[in-house]
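> Show me the folded form of this:
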Amino acid sequence: MVHINSNGAKIAVYEYNRECSRECGANTVLLLHGWPLSHLIFEYQINLLTELGCHVVGVDFRGFGASEAPVCGYDYNQMARDIHAVIRVLGLSGISIAGFSMGGAVALRYMRLFKGERVKKLILLAAAAPRFTKTADFPYGIEKRDVDDMIEKANSDRPELCRSFVDEKLFAQPHSRAVKNWFTGIAMSASGIGTIKAACSLRDEDGTDDLKFINVPTFIIRGEKDTVVPPSITDYQQREIKGSTLFSLKHSAHGIIYDELENFNNFFVKAIVE
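Sure, this is the predicted structure:
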């Protein structure tokens, strides 16, 4: 792990197979996690991708995982700038960005702010975009008051927020208590500041215009049983992103990266290598 400075925060970055990328021009994949988690959710994708010879880069957003937690900078613009700093400092190019949930929204903002610089492919994983909450002109997503309730819970009982998010929202399959405890522990590794302020961004950000700036092959993977980012949102993404390809996991909820692990990995690898 290394830390990369970006506007007052040290961003934790994890690289795998960098030498392979130099020697044989391997695919480079940049993994962006969702709220309130960290790059650790991609453990089984990192294992698979490195076995396939890919160069893999995982990032913890500011306020999450091993990154610093400043009191500001949790808007999508700044988080996209953090990703730009990572890409620039590491000298990445020809990359596939894979963003899960909030990470997908940040990936889209990166594409808009930096005109898709150094990106050859975009993979949206249950992406909370272009909006996470309903508005008068966007009748999808969840109610703002539901996010307000999560923020209130984070201010008073963050351990219970993390437990209930994993137990009630993340999975549709009957995973073991150990698996759920693992994801809850990852959620608890976030800072309180990051958990609350990123939730405010999820509630308030409007990325509708971001979708207009996608000019690379785009793959959308969703869970049909997702109640956090329901299928209506991913349908909207597919309509608005020209030429995008949609994969659906029939038995998965929001945690598509693990709920149907083998099926997800098959779709994921196909999106990266095809």
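> Where does the prediction get shaky in the stretch 51-200 of the chain?
Along the stretch 51-200 of the chain, no part satisfies pLDDT under 70.
> Show me the helices in it, by range?
Listed in chain order, the helices found in the stretch 51-200 of the chain under DSSP state H, counting those that start in this stretch are 76-90, 102-113, 144-156, 158-165, 177-188, 192-204.
> got the angle for the shortest one vs helix 144-156?
For helix 158-165 and helix 144-156, the angle between their directions (axes from the mean of the first three to the mean of the last three CA atoms, to 10 degrees) works out to 140 degrees.
> wait, which of the helices of the stretch 51-200 of the chain is closest to residue 270?
Nearest of the helices of the stretch 51-200 of the chain to residue 270, taken as CB to CB: helix 102-113 at 17.8 Å. Every C-beta, even on glycine, is put in place using the N, C-alpha and C of the backbone.
> what's the burial count for the closest residue to residue 103 other than its chain neighbours?
With sequence-adjacent residues excluded and distances taken as CB to CB, 6 or more residues apart in numbering, residue 103 is closest to residue 32, at 3.2 Å. Neighbours of residue 32 under the rule other CB atoms under 10 Å: 30.
> So residue 14 sits against residue 57, correct?
Yes: with contact defined as CB atoms under 8 Å, residue 14 reaches residue 57; the gap is 7.0 Å.
> Looking at these two, which one has more neighbours?
Counted by other CB under 10 Å, residue 14 and residue 57 do not tie: residue 57 has more neighbours, with 25 against 19.
> Mind listing the residues bridging to the closest residue to the more buried one other than its chain neighbours?
Spatial nearest neighbour of residue 57, chain neighbours left out: residue 30 (4.9 Å); criterion: CB to CB, 6+ apart. With DSSP bridges as the criterion, residue 30 is bridged to residue 57, residue 97.
> what sits against residue 30?
57, 59, 83, 86-87, 92, 95-98 (CB atoms under 8 Å, 6 or more residues apart in numbering).
> Please work out which of the helices of the stretch 51-200 of the chain is packed deepest.
By mean neighbour count, with neighbours taken as mean count of other CB atoms under 10 Å, helix 102-113 ranks first of these at a mean of 27.
> Could you verify that residue 247 is part of a strand?
Yes: counting by DSSP: H, G, I helix; E, B strand; the rest coil, residue 247 is located in a strand.
> show me the contacts for it.
219-222, 267, 270-271.
> and it, what are its bridge partners?
residue 221.
> Against residue 123, how distant is it?
As judged by CB to CB, to the nearest Å, residue 247 and residue 123 stand 10 Å apart.
> what touches both of those two?
Common neighbours of residue 247 and residue 123 (criterion: CB under 8 Å, 6+ apart): 219, 221, 271.
> give the contact list for the second one.
For residue 221, the contacting residues are 123-126, 246-249, 256, 264, 267-268, 271, by CB under 8 Å, 6+ apart.
> what's the answer for residue 26, then?
By CB under 8 Å, 6+ apart, the neighbours of residue 26 are 17, 20, 53-55.
> I'd like the average pLDDT over stretch 215-225.
In this model, stretch 215-225 carries a mean pLDDT of 98.
> And it, what's buried?
Going by neighbour count (16 or more other CB atoms under 10 Å), the buried part of stretch 215-225 is 217-223, 225.
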